[in-house]
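A.B. asks: Quick one: sequence and predicted model below, then my questions.
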2 protein chains.
Amino acid sequence: MTIHSNPTVDDVAKLAGVSTATVSRCLNNPEKVLVATRKKVQVAVDELGYTPNFGGRYLASNRSRTMGAVIPTIENAIFARGIQAFQEVLANSGITLLISTSGYDPQLEFENIQALVSQGAEGLLLIGTARPKKTYEFLKLRNIPHIIAWNHRRNREHLYVGFDNHFAMRELTNTVLNMGHYRIAIIAGPTVNNDRIADRLSGAQDAIKKATGASLIIKFSHSNSSPILAGQAFEELMALEIRPTVIMCSNDALAVGAIMRARDMGINVPDDISITGFDDIDVAEIVTPSLTTVHVPHRRMGQAAAELLLSIRAGKTDQKSIKLETRVVLRHSLQTKK
Amino acid sequence: MTIHSNPTVDDVAKLAGVSTATVSRCLNNPEKVLVATRKKVQVAVDELGYTPNFGGRYLASNRSRTMGAVIPTIENAIFARGIQAFQEVLANSGITLLISTSGYDPQLEFENIQALVSQGAEGLLLIGTARPKKTYEFLKLRNIPHIIAWNHRRNREHLYVGFDNHFAMRELTNTVLNMGHYRIAIIAGPTVNNDRIADRLSGAQDAIKKATGASLIIKFSHSNSSPILAGQAFEELMALEIRPTVIMCSNDALAVGAIMRARDMGINVPDDISITGFDDIDVAEIVTPSLTTVHVPHRRMGQAAAELLLSIRAGKTDQKSIKLETRVVLRHSLQTKK
DNA sequence: TTGAAAGCGCTAACAT
DNA sequence: ATGTTAGCGCTTTCAA
């Protein structure tokens, strides 16, 4: 493959016998050009396989028609659905979405944000609230519209499109308590740089504190996405002298890991022990027993975030945060304590 | 939020008391600048929150440091893992990945490709071989390095980094035949614009044709990703007078749908009927019974594709296609015919 | 309705 | 080692 010199407006203009300004108009404001002229230009465009150079366009117009999203990882059903919806809404408005992944690393997230801004991102979708001050300072300094998703806060410093992780987990915990479980264990992934998990944990603790006679053991796992490690944590909890009667996991992936390890160990879920998850991803219904969990409206979250960013881009800067409702989904992995 | 005038090289240069060329060098070839000067510039950069404008950079250097990928959908475990690996390798070389989704629509794929090229994509990752001539013509006209993944062809017209869907499915079918199954049914998603599925189907047919006494029924489902529709197809197959003894599904998502419907119908898998999948995504191990399927090395595929594109970008244009090996993974959903 | 020309922010060749 | 300057492809006044 040789180094290619791509066709430019000049090439198109020459071939069509018009000026570069007219070519530009045909592409951006076709109604300002005679139909006949437009046709000539279209023929030239097709013949050359011309596509406008984004760099030139961005430079001249100062609009990139681009938004960015930085997510921890694509390889996780938790984000996939919301991002897909986010992208679909943007695409309908002719906006390109740039996605990058930070692997849960705040420094890498910062660099990715900078890269996206360099690429001209007119707005950003970020996951959760936990990030260093310098990242927020950068966003403020450069005045980048941004949405924080997958969680919610009351303050007006940022725009949130998410749900209340603390409240949702408290509710699930109350459900568990109401079903007669008092020896409760939690398997949780790291809470460092992960406010969603931290909030879920504190939500559970909140509910348990208020319930007389309830006890809690927390087992930390080194990953929020490794079913294997969750399985190990499960095994350790099962080795305790006094076993818990229910294990609440900080998300569905960990819960599935626990269920699978239970099967391997010959422990019956939910007869011997109940298990719960969080997120309601596809596998929650597929696993046996099906998983009691918290349903999160991922698609609506992605859509709402996109619509908010589009509104801001259109000049409506007085936007408000959106809090979405979650709900506990009762399935077979949680059973009333006999 | 007001319209922001972002800091430019000029601003940085002025603040640091150097020329724009020096600022540029600090960013791109720091070794050509005295450490002291570099420090001054860094201070100015930090103070202004400067990030180089991508448009200007791309325009001046004719390199975008950007690659593109067009995939059918993010919301599907089949692509997520490979794309994640693809992105990680690119990120290590400072390349930004732009991802867009076509929803299995060839026209939309074409438009997405054009958009990515406009954005300056220096290379593209595409899924499968099935696309209209005009798409290939555009790629050729503009001389865009591109890799076709998730499938393989012998020709030298394009670069393939994938596996042989036909061969893999034939192998799985032979395994099924060797286990004594002769009444075989297939649940397959659409093969239009989906060469992977078409190849799998022909691979199965190939094996069955060569086996004396074997019969095949094909049931088409309207989606390659809907377990629900696959469940319906399963039900229809179960309503046949002479039931098949095994149902091979064109991918794991459909196989999981079939297994779940079997459970709902009180049909035991694999005692009453065997089921197989294709892809070996996470759920294959999670579902009960665990799924016999074809393992595809998704991560390696993504990595290899990225490395190939990087090599081409580095000027090594004599690259060759890469064919990856798949293997049949025997689990519990397939049983020897008694 | 169309054209001429300036200028967006940056890099790279050349000059010092 | 650093500075000067032309020019990348496009949009957008302004003029005709």
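C.D. replies: Now that the structure is in, tell me what you want to look at. Residues are numbered from 1 along each chain as shown, chains lettered A, B, ... in the order given.

A.B. asks: which one is the residue nearest to the spatial centre of chain A nearest to, not counting chain neighbours?
C.D. replies: In chain A, the C-alpha nearest the mean C-alpha coordinate belongs to residue A:79, at 4.1 Å (CA atoms, centre = their mean). Spatial nearest neighbour of residue A:79, chain neighbours left out: residue A:71 (4.8 Å); criterion: CB to CB, 6 or more residues apart in numbering or on different chains. All C-beta atoms are positioned from the backbone trio N, CA, C, and that covers glycine.

A.B. asks: circling back to that earlier point, only the buried residues of the helix or strand encompassing the residue nearest to the centre of chain A, if you could.
C.D. replies: For residue A:79, the host element (DSSP states H and E) is helix A:77-92. Within helix A:77-92, the residues scored as buried using 16 or more other CB atoms under 10 Å in any protein chain shown are A:77-91.

A.B. asks: buried sites along the helix or strand harbouring residue A:217?
C.D. replies: For residue A:217, the host element (DSSP H and E) is strand A:215-220. Buried residues in strand A:215-220, counted by 16+ other CB under 10 Å: A:216, A:219.

A.B. asks: Tell me which other helices or strands that strand touches.
C.D. replies: Under the contact criterion of 3 or more CB pairs under 8 Å, 6 or more residues apart in numbering or on different chains; DSSP states H and E, strand A:215-220 touches strand A:183-188, helix A:195-210, helix A:227-238.

A.B. asks: if you set the cut-off to 7 Å instead, what comes out?
C.D. replies: Contact analysis of strand A:215-220 by 3 or more CB pairs under 7 Å, 6 or more residues apart in numbering or on different chains; DSSP states H and E lists strand A:183-188, helix A:227-238 as its packing neighbours.

A.B. asks: Report the separation between whichever residue of the stretch 101-250 of chain A sits closest to chain B and residue A:23.
C.D. replies: Nearest residue of the stretch 101-250 of chain A to chain B: residue A:141, at 3.8 Å (CB to the nearest CB). Using CB to CB, to the nearest Å, residue A:141 is found at 37 Å from residue A:23.

A.B. asks: What spatial separation is found between the residue nearest to residue A:79 and residue B:97?
C.D. replies: Taken as CB to CB, the span from residue A:71 to residue B:97 is 13 Å.

A.B. asks: So for the two, which residue has more residues nearby?
C.D. replies: Neighbours were counted for residue A:71 and for residue B:97 using other CB atoms under 10 Å in any protein chain shown; residue A:71 has more, 26 against 22.

A.B. asks: if we can go back for a sec, any idea how far residue A:150 is from the residue nearest to the centre of chain A?
C.D. replies: According to CB to CB, residue A:79 and residue A:150 sit 8 Å apart.

A.B. asks: same check, this time on residue A:158
C.D. replies: Going from residue A:158 to residue A:150 by CB to CB gives 13 Å.

A.B. asks: who has more neighbours, these two?
C.D. replies: Of the pair residue A:158 and residue A:150, residue A:150 is the one with more neighbours under other CB under 10 Å, namely 26 against 15.

A.B. asks: Identify the residues contacting the more buried one.
C.D. replies: Contact analysis of residue A:150 by CB atoms under 7 Å, 6 or more residues apart in numbering or on different chains lists A:127-128, A:162, A:196.
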